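[1] Could you look at this predicted model? Sequence included:
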Amino acid sequence: MVAEVAVKGYFEENCFFYIDDKTQHGFLIDPGAEADRLLSIIQGRGWMIEKILLTHGHFDHMGAVDGVTAALGIPVLAHRRSDEYLLDARKNLSALCGPAIIVEGVQYMDDGDEICLEADPEFRLKVIYVPGHTTDSVMFYSKADGVAFVGDTIFRGSIGNYQYPGGNKKDLQESIIKRIFTLPDDTVLCSGHSGQTSVGEERRRYRY
């Protein structure tokens, strides 16, 4: 099950619950704001969140991390280069928009890693490195459910911004063409700032 929740801090951002229907355990992806609201949803639906996963280290994707981890005591996973953003309020853009947001002590992921539930090891997401929006950007792909959580790498009808610190247009284009567009056409793309789309739909209109 994929549950999308739009949260609002300085920006509105889509965070996602990816939940195993059998065990009701799952992952929380990119909790950008409104920690109390996210915790209320978790409690109200009886979910057991095992891990927080970050697609990249911008503040609008991790602003609720501390609040959620303080309540649940669960680990936070991010790409090996994530500390460049998570520990630097200017690079993660929080210092430009309000109070500084810092996230410490994450567990590192690498390209090709598989993140599995303890309650059901067959319920898993593959980590795919997609630099370009940031140097630490990843997407999380489930072949079984045909869904990819792509952060800000690609949106419905557009690509991610590559003008923030660490962004690079060439890297972003290569990530989209070589990593996202090689997934099956019917793969659902869940992004941080647009409605859902699919690999096939975005490949057909890609002109960048």
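    Ah, there it is.
[2] Report pLDDT for the nearest residue to Gly157 once chain neighbours are set aside.
    Once flanking residues are discounted, Gly157 sits nearest to Arg205: 6.8 Å by Cβ to Cβ, 6 or more residues apart in numbering. Bear in mind the C-beta positions are built from the backbone N, C-alpha and C, glycine included. Predicted confidence (pLDDT) for Arg205: 85.
[3] distance of Arg205 from Ser158?
    Distance of Arg205 to Ser158, given as Cβ to Cβ, to the nearest Å: 10 Å.
[4] Among these two, which residue is more densely surrounded?
    A direct count of neighbours by other Cβ atoms under 10 Å for Arg205 and Ser158 places Ser158 higher, at 14 against 11.
[5] The nearest residue to the more buried one once chain neighbours are set aside: neighbour count?
    Distances taken as Cβ to Cβ, 6+ apart place Ser194 nearest to Ser158, at 7.5 Å, with adjacent residues excluded. The number of residues packed around Ser194, counting by other Cβ under 10 Å, is 16.
[6] Please give me every residue in contact with Ser194.
    14, 155-158 (Cβ atoms under 8 Å, 6 or more residues apart in numbering).
[7] The residue nearest to Gly157 is in contact with Arg156, isn't it?
    No: with contact defined as Cβ atoms under 8 Å, Arg205 does not reach Arg156; the gap is 9.7 Å.
[8] Can you pull the phi and psi angles for the most centrally placed residue in the chain?
    Of all residues in the chain, the one closest to the mean position by Cα atoms, centre = their mean is Thr55, 3.3 Å from it. Backbone torsions for Thr55, taken as degrees, to the nearest 10, come to phi -70, psi -30.
[9] I'd like to know how far it sits from Pro99.
    Distance of Thr55 to Pro99, given as Cβ to Cβ: 22 Å.
[10] same check, this time on Ser191
    26 Å.
[11] between the two, who's got more neighbours?
    Of the pair Ser191 and Pro99, Ser191 is the one with more neighbours under other Cβ under 10 Å, namely 25 against 10.
[12] Tell me the bridge partners for the more buried one.
    Gly151 (DSSP bridges).
[13] was I right about it contacting Ile154?
    Yes: with contacts counted by Cβ under 8 Å, Ser191 reaches Ile154, the gap being 6.5 Å.
[14] Where do the helices of the chain begin and end?
    35-45, 65-72, 83-86, 169-175, 199-205 (DSSP state H).
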